[in-house]
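In: Here's my sequence, what's the structure:
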Amino acid sequence: MEITVLLFEEILSMLLMLLLGFSLVKAGFLASDDSRVLSVLLLYLVIPCVILNSFQVEYSEETVKGLLWAFAAAAAIHVVLIAGTWILGRIWRLSAIEKASVIYSNAGNLVVPIILAVLGEEWVIYSSAYITVQLFLLWTHGKSLVSGERGANWRRILTNVNLLAGMVGLVLFLLHIRLPDVLGETVQSVSQMVAPASLFIVGMLIAGMNWKKVFLNRRAWLVTGLRMVFFPLLLVLLLRPFVRHIPLANAETVLLVTLFAAITPPASSITQMAQVYGKEAEYAGVINVLSTLVCVATMPLAVWIYQA
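Out: You can find the predicted model right below:
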């Protein structure tokens with residue numbers, strides 16, 4: 001119950017940050033399109049620092065075991081999401097953007113500040129497992145889904161700065177190597193920008209939207225319901241009985257971190273991909289905004305059920 005309350009308070013705090021970005025645009029100090037500059041900063045600098053910093057923890061066999069289970073849980077969850085969306089997609093005739101919005105969460109931007117506030121810094125490393133698995137699938141399966149193109153650009157995948165940060169961080173962790181103090185402090189300081197930057201971006205985008213398009217779009221509500229209600233509840237039902245069978249002292253918390261990553265709103269990268277390939281970018285943004293607003297209630301609810 002305590003974690004649920006902390007999560008609710010943290011999400012409210014994040015919504016206030018979102019409101020600040022919204023206010024800057026509405027007051028005329030910035031334009032909604034100015035959020036692209038922050039997006040570049042977040043994607044290519046802040047998130048890599050977050051991932052790298054998450055691996056700068058004390059090495060222990062228990063942490064390695066937890067990390068392996070986190071990777072396994074992340075892979076299994078994505079199988080459930082992809083398979084489930086394929087089945088539901090045939091029933092409701094979901095478009096490529098709708099499917100991608102249901103499958104891929106905003107784990108990179110939102111889950112790290114939530115875990116820092118609710119559980120503590122030592123648990124962030126397990127969220128990196130989910131982020132790494134998702135990055136790989138997002139730029140293979142996700143890109144193919146949104147663009148309609150077959151095949152993957154392996155050079156682009158393997159040189160993705162966030163994936164590289166994860167690989168470097170994992171190697172440093174396994175070799176018991178800590179970054180020099182000055183570099184480590186710099187990486188940590190930059191990583192602390194993730195929550196304000198990501199939420200300012202969302203707030204700025206919301207300020208430039210037509211609210212009728214957000215709240216009166218029935219299909220967007222359907223996709224939001226799948227992303228924020230149906231699949232979170234399904235994952236909770238699948239994870240809860242599985243916890244007791246994991247030979248790990250902190251199994252419940254490791255899976256809770258993975259659950260946090262899986263139940264956030266859709267990945268902002270979906271909207272960016274949609275812009276690049278000319279595939280319903282505005283609609284993708286509407287789904288993202290609606291899901292972000294709804295998560296105030298759905299995320300604490302899912303965590304409360306998981307811990308009940």
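
In: Tell me where the model's unsure across the protein.
Out: 1, 152 (pLDDT under 70).

In: which residue is nearest the middle of it?
Out: Ala107 (1.3 Å; CA atoms, centre = their mean).

In: Looks like that residue contacts Ala261 (just checking).
Out: Yes: the pair Ala107 / Ala261 is scored as a contact, 4.0 Å apart, by CB atoms under 8 Å. The way it works is simple: take the backbone N, C-alpha and C, and place the C-beta from them, glycine included.

In: Please give me every residue in contact with Val111.
Out: By CB atoms under 8 Å, 6 or more residues apart in numbering, the contact list for Val111 reads Ser105, Ser127, Tyr130, Ile131, Val257, Phe260, Ala261, Thr264.

In: Among those residues, which ones are in helices?
Out: Ser127, Tyr130, Ile131, Val257, Phe260, Ala261 (DSSP state H).

In: could you point out the longest helix in the protein?
Out: Under DSSP H, the chain gives helix 61-92 as its longest helix.

In: Give the buried residues for that one.
Out: Buried residues in helix 61-92, defined by neighbour count with 16 or more other CB atoms under 10 Å: 63, 65-67, 69-71, 73-74, 76-78, 81-82, 84-85, 88-89.

In: Quickly find the element holding His245.
Out: Assigned by DSSP states H and E, His245 falls within no helix or strand.

In: any idea how far it is from Gln275?
Out: 43 Å (CB to CB, to the nearest Å).

In: Equivalent analysis for Val146, please.
Out: 10 Å.

In: Among the two, which residue is more densely surrounded?
Out: For Val146 versus Gln275, neighbours defined as other CB atoms under 10 Å are more numerous around Val146 (26 against 15).

In: Quick check: that one is in a helix.
Out: Yes: if the criterion is DSSP: H, G, I helix; E, B strand; the rest coil, then Val146 is within a helix.

In: Leaving out chain neighbours, which residue sits closest to it?
Out: Met273 (4.6 Å; CB to CB, 6 or more residues apart in numbering).

In: Could you tell me how many residues sit around the one you found?
Out: Other residues close to Met273 by other CB under 10 Å number 24.

In: now do Leu174
Out: There are 12 residues near Leu174, going by other CB under 10 Å.

In: who are the neighbours in contact with it?
Out: Contacts of Leu174 by CB under 8 Å, 6+ apart are Tyr59, Val64.

In: One more: Val118?
Out: With CB under 8 Å, 6+ apart, Val118 has these contacts: Ile3, Leu6, Leu7, Glu10, Phe260.

In: Next one: it relative to His141, how far apart?
Out: Val118 is 30 Å from His141, by CB to CB.

In: which residues in the stretch 151-300 of the chain form helices?
Out: Using DSSP state H, counting those that start in this stretch, the helices of the stretch 151-300 of the chain run over 154-158, 161-174, 181-191, 194-207, 211-215, 218-225, 231-243, 251-262, 268-277, 281-307.

In: list residues touching both of Ala107 and Ala261?
Out: Ser127, Tyr130, Ile131, Gln134.

In: Give me the neighbour count for the first one.
Out: If you count neighbours by other CB under 10 Å, Ser127 ends up with 26.

In: Nearest to Arg219 among the ones in helices among the contacts of Val111?
Out: Ala261 (25.5 Å; CB to CB).

In: my guess is Lys26 contacts Ile206, does it?
Out: No: using CB under 8 Å, Lys26 is not in contact with Ile206, being 9.8 Å away.

In: Counting neighbours, go ahead and name the busier of the two.
Out: Ranked by neighbour count (other CB under 10 Å), Lys26 and Ile206 place Ile206 first, with 23 against 16.

In: Thanks again, I'm all set now.
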